[in-house]
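Visitor: Fold the following for me, if possible:
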Amino acid sequence: MAQFRTLTEQRTELEREWERWAAAPHTTPPPAPRNTVLRNDVAQSWRRSLRTVDPGRTVAPGVDDVGDRWAASPLRGPVTTLASELRAITEDSGYLAVVTDPDGTVLWSCGDRALRKQAEQVNFAPGGCWDESHMGTNGVGLSLHSDRAVSVFSAEHLVAALHGWVCYCAPIHGPDGRVIGVLDLSSYWDRSHPAVLASVRALATAAETMLRSAEPAPAPGVRLECLGTARLSRDGRPLRLPPRQLEILALLALQPEGFTPEQLHDVIYGDRSVSTSTLKADVSHLRRATGGEISNRRYVLTGAVTCDAVDLLAAIRAGDTTSAVWLYRGPLLPGSETPGVLQWRHYLDVGVRTAVLASDRAEHAVAFGERAPGDIEVHEHALRLLPPDDVRRAVVAARLHTALHD
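Guide: Next comes the predicted model:
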């Protein structure tokens, strides 16, 4: 993008480019952007948005059930905790803070009083729908589409009524890695500053940390957690079993068609000379512990046993890198040398790592690098993707330095 001496110059050039596009929204193909003026991600968003949005639109459509949406939102707790900080940031700097759901519907807002009144005129307020399909290129819609922190300045907005604004947005992910909303900091265009993007990233990360650390309600059934740990619970209460029985349960969960006794013996003991009675005793004890959830002649799980490794496997197979990275908490049953566990450990590690290295989203490499601190290639990939002013570069650079000198 061109380097401008002032924000006014940048806005003027963007207005000229916007007029070229808005004047002929149905042209096929759309006007070719001038590379020195319009960012590629914004041009792509304009192409998508012009199919459904009139650049002359003056107000966002709304929903009537915003109260119910906010009451049911997992973001209500973290945002309530951060509310005083958000109010202090926005009221002192002349900004507006907005939180949306994963559909782009505004659930909550706070900030400068005059700015809030201006925002209400375009329904950038609780109940307003701000995904790309309703309001074209804007911070909320672009952040939801790209699953990354973004800024949208002045005439980069498709809708002309928003050209007086600048927006900084970051997606907020739930513990399973899925986007559950967006945090937005917005103001008048002449208050644009690159440091705001780092602030919105940090606030979104704080909300994500609160969501991950929140105590989950006890869930019914048997739950095995075996990524980076070895933990079993039944109806929310911990069960303490020997490592061998946790290995058996993990392998049964990962292979739903189950094993014959001979097959299970092979994946547990390999070439070691261990009697079949030992395996039968372990399976019998495991069956009692899980409430009879394992069949007899062929060892198959027959009940509701959930497992984090199975969730991870499903994400890898679905090509859902975001969920895979968030689900990955470390190698399968660390410390186990059981043949079947070693095979699955390698499969899951390689699957997640390959997806991360193929992704163009820095968030994936940064998050996975936390779990794989010695992986030089992953840290280098993260640094290639992170913008020069991204505060996370310092952490990733430190990880890379440590990995190179270990």
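Visitor: drop to CA atoms for contacts and neighbour counts, all remaining ones
Guide: Will do.
Visitor: Can you point out the buried residues in stretch 101-114?
Guide: By 16 or more other C-alpha atoms under 10 Å, the buried positions in stretch 101-114 come out as 101-112.
Visitor: ok, now stretch 129-147?
Guide: 129-144, 147.
Visitor: try stretch 257-265
Guide: 258-259, 261, 264-265.
Visitor: Name the next helix or strand following the strand or helix carrying residue 262 along the chain.
Guide: Taking DSSP states H and E as the criterion, residue 262 maps to helix 261-269. Using DSSP H and E, the helix or strand that follows helix 261-269 towards the C-terminus is helix 276-289.
Visitor: and the next element down the chain from that following helix?
Guide: Downstream of helix 276-289, the first helix or strand assigned by DSSP H and E is strand 305-307.
Visitor: so what does that following strand touch, helix or strand wise?
Guide: strand 222-225, helix 243-254 (3 or more C-alpha pairs under 8 Å, 6 or more residues apart in numbering; DSSP states H and E).
Visitor: where along the stretch 101-250 of the chain do the helices fall?
Guide: Using DSSP state H, counting those that start in this stretch, the helices assigned to the stretch 101-250 of the chain run over residues 113-121, 132-135, 139-146, 195-213, 243-254.
Visitor: need the helix or strand of this structure with the lowest average pLDDT.
Guide: helix 321-327 (a mean of 84; mean pLDDT, DSSP states H and E).
Visitor: could you point out which element follows that helix?
Guide: Downstream of helix 321-327, the next assigned helix or strand under DSSP H and E is helix 339-358.
Visitor: what's the spacing between that next one and its chain's center?
Guide: 20 Å (C-alpha atoms, centre = their mean, to the nearest Å).
Visitor: can you list the residues that contact the helix or strand just after it?
Guide: With elements assigned by DSSP H and E, the helix or strand that comes after helix 339-358 is helix 362-371. Contacts to helix 362-371, defined as C-alpha atoms under 8 Å, 6 or more residues apart in numbering, come from residues 148, 321-322, 325-326, 328-330, 353, 356-357, 375, 378-379, 381-383, 385-386, 392, 396, 399.
Visitor: ok, now stretch 52-70?
Guide: 22, 76, 106-108, 121-124, 126-130, 133-136, 158-161.
Visitor: Among the residues you listed, which are located in strands?
Guide: Among the contacts of stretch 52-70, the members falling in strands (DSSP state E) are 106-108.
Visitor: how about JSON lines for those residues, with distance to residue 403 and pLDDT added?
Guide: Putting those into JSON lines (distance: C-alpha to C-alpha, whole Å; pLDDT from 0 to 100) gives the following:
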{"residue": "106", "distance to residue 403": "42", "pLDDT": "96"}
{"residue": "107", "distance to residue 403": "42", "pLDDT": "96"}
{"residue": "108", "distance to residue 403": "42", "pLDDT": "95"}
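Visitor: What helices and strands are in contact with the helix holding residue 262?
Guide: So helix 261-269, by 3+ C-alpha pairs under 8 Å, 6+ apart, packs with helix 339-358.
Visitor: What helices and strands are in contact with the helix it packs on?
Guide: Packing partners of helix 339-358 (3+ C-alpha pairs under 8 Å, 6+ apart): helix 243-254, helix 261-269, helix 308-317, helix 321-327, helix 362-371, helix 376-385.
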